[in-house]
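Novice: how would this look folded up:
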Amino acid sequence: MPTFASDSTFLLMKKMFSVYVVAYSILLMSMLVLMYMYPKLELHLLLNSYHTKPLDTFFTYYSLFAEGPVYVVALLPLLWKQVRLVLFFGLCELTGGSVLQILKHAISMPRPATAFENCPDMVLPVVEGINMHSGNSFPSGHSSTFFIFGTCCALLLAYHYQRNAASNSNWTRVLCACAMLLLLALAALGAYSRVYLSQHFLQDVCMGSVIGFLTTCLMYRYGRRKILKLNPEETA
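Specialist: Below is the predicted model:
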């Protein structure tokens, strides 16, 4: 049975994964600054100040990626008999989803559609055809799923990059770093889609992203030997 790489390999792979971590930290801190500077409703209007039909269509369908298509994509490793990768994502999603649902029902914060009802002088931007939800806004489940998937991919990419470190060129290093940033951008775009569609406030999607990010990192840190059984000697 294959075993995971040594702890030194785990430490080395963190150098590439740190690209994702640092970029996410900067993004999250920027959002926290915005939340400190603006009241919640005003910030929501600011983030929704520009709407077009193409953007409405794009974010409507992009948001749906976290409701089904992401799970189909997560099943693709089964084609290569990589059951452990599917299991890892499933356990991350189950753990993160459980934490999220507990918080949702314990805090039970109103969604934008409900919050704006008490402010008749403010008009909530809405997208035609979207079924507006009213409660359990904090945190955002879609954002958690987007970041679980993005962080899973980033961790595994960093692992495979480190496994082939001896043969990696400078271009490979640059491309891998760009892929890390792309994964983060795609996850963040999914989180923003929930704000654009007025289904969540910024604080909701930020907390959802934190749950998704931390859940995946902790599951990898403490479950990599038993769940993934990764081996640096495996063929790609």
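
Novice: point out where this protein drops to low pLDDT.
Specialist: For the chain, applying pLDDT under 70 flags the ranges 1-12, 165-167, 229-236.

Novice: and Ile130, which of the three is it?
Specialist: Per DSSP: H, G, I helix; E, B strand; the rest coil, the local secondary structure of Ile130 is coil.

Novice: can you count the residues close to the residue lying closest to it once chain neighbours are set aside?
Specialist: In space, and not counting its chain neighbours, Ile130 is closest to Leu197: 5.4 Å by C-beta to C-beta, 6 or more residues apart in numbering. Bear in mind the C-beta positions are built from the backbone N, C-alpha and C, glycine included. For Leu197, the count of nearby residues is 21 (other C-beta atoms under 10 Å).

Novice: wait, Leu197 sits on Tyr62?
Specialist: No. If you go by C-beta atoms under 8 Å, Leu197 and Tyr62 don't touch, sitting 9.8 Å apart.

Novice: element containing the spatially most central residue of the chain, please.
Specialist: Central residue of the chain (C-alpha atoms, centre = their mean): Phe147, 1.1 Å from the mean position. Using DSSP states H and E, Phe147 falls within helix 141-163.

Novice: tell me what that helix is packed against?
Specialist: helix 7-37, helix 69-74, helix 83-107, helix 170-196, helix 202-223 (3 or more C-beta pairs under 8 Å, 6 or more residues apart in numbering; DSSP states H and E).

Novice: out of these, nearest to Ser49?
Specialist: helix 170-196 (10.7 Å; C-beta to C-beta).

Novice: now the closest one against helix 7-37, angle please.
Specialist: 40 degrees (axes from the mean of the first three to the mean of the last three C-alpha atoms, to 10 degrees).

Novice: so what's Trp207 up against?
Specialist: Small correction: residue 207 is Met, not Trp. Leu103, Phe138, Pro139, Ser140, Ser143 (C-beta atoms under 8 Å, 6 or more residues apart in numbering).

Novice: no more questions from me, cheers.
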